[in-house]
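In: what shape does this take:
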Amino acid sequence: MNRMNLKKSSYLVFILIFGFLGTRCATHTHKEEVKTYPKDYVHSLKEIHLEKVINENRGLKVVEENATTVHDYYRGGVQEKEEGERLLKESRWGEARIHLEKSNRFLRVVLKYLPEDEAYRNIYGEQVVIFLPNLLIADNDLKLVTVYKNMKNDDKVVEAISNGKHHVAESLKSVKTEWAIQIKKGLEDESPKK
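Out: Sure thing, here's the model as predicted:
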């Protein structure tokens, strides 16, 4: 019986190794097409917008305890943002706050490893996604300003504006988008007037 299990295991290992090598060879035969943009190029809202980011990250719900890769945390951040946005539209301030803040926690983990936004990031194989963790945090912070104002928490309003301005500036350093320009203006409009 032991010899039979050893033989089966050997075949399984052989198949896995052969399959892995076959996959590696197939991967290297593809020519990857990398888009490059001029330094001052501004991605339009038609090209990069929230709905597109949300659609790219739909699927199995990411739970913090099960997130293991940077992409898991990014997808989890986008999914929490989507839920927060939905609740915000329903004026459910407390619940929206929880999801938007959780989205920011997910995205801060991403920024520890990949601190720059990219218009298009190859995450594996031929899968490319809009990768804007800084911009998503800034957008969350702008939405949180509305939430905190409705919850009468002025200290949190000031904090969200400050954090949002920092993250939108970080986003614009690496990729320029009309979306970021809109968020920057929104945060400036929310800033206390001197």
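In: tell me the contacts of residue 84?
Out: By C-beta atoms under 8 Å, 6 or more residues apart in numbering, residue 84 lies in contact with 96, 97, 98, 99, 100, 102, 103, 140, 143. C-beta here means a position set from N, CA and C on the backbone, and glycine is covered the same way.
In: may I see the buried residues of the helix or strand it falls within?
Out: Per DSSP states H and E: residue 84 is located in helix 70-89. Using 16 or more other C-beta atoms under 10 Å as the test for burial, helix 70-89 gives 70-85, 87-88.
In: hey, where'd the strands end up in this protein?
Out: Taking DSSP state E, the strands of the chain run over residues 42-43, 118-124, 127-131, 176-177.
In: may I see the ones you listed organised as JSON lines, with mean pLDDT and mean neighbour count added?
Out: Output for the strands of the chain, formatted as JSON lines (pLDDT from 0 to 100; neighbours: other C-beta atoms under 10 Å):
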{"stretch": "strand 42-43", "mean pLDDT": "96", "mean neighbour count": "18"}
{"stretch": "strand 118-124", "mean pLDDT": "90", "mean neighbour count": "15"}
{"stretch": "strand 127-131", "mean pLDDT": "93", "mean neighbour count": "19"}
{"stretch": "strand 176-177", "mean pLDDT": "97", "mean neighbour count": "20"}
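In: now the one residue sitting closest to the centre of the chain, nearest residue through space, not along the chain?
Out: By C-alpha atoms, centre = their mean, the mean C-alpha position of the chain lies nearest to residue 74, the distance being 3.7 Å. Nearest residue to residue 74, sequence neighbours excluded (C-beta to C-beta, 6 or more residues apart in numbering): residue 110, at 5.0 Å.
In: tell me the contacts of that neighbour?
Out: Contacts of residue 110 by C-beta under 8 Å, 6+ apart are 70, 73, 74, 77, 133.
In: and the gap between it and residue 123?
Out: As judged by C-beta to C-beta, to the nearest Å, residue 110 and residue 123 stand 12 Å apart.
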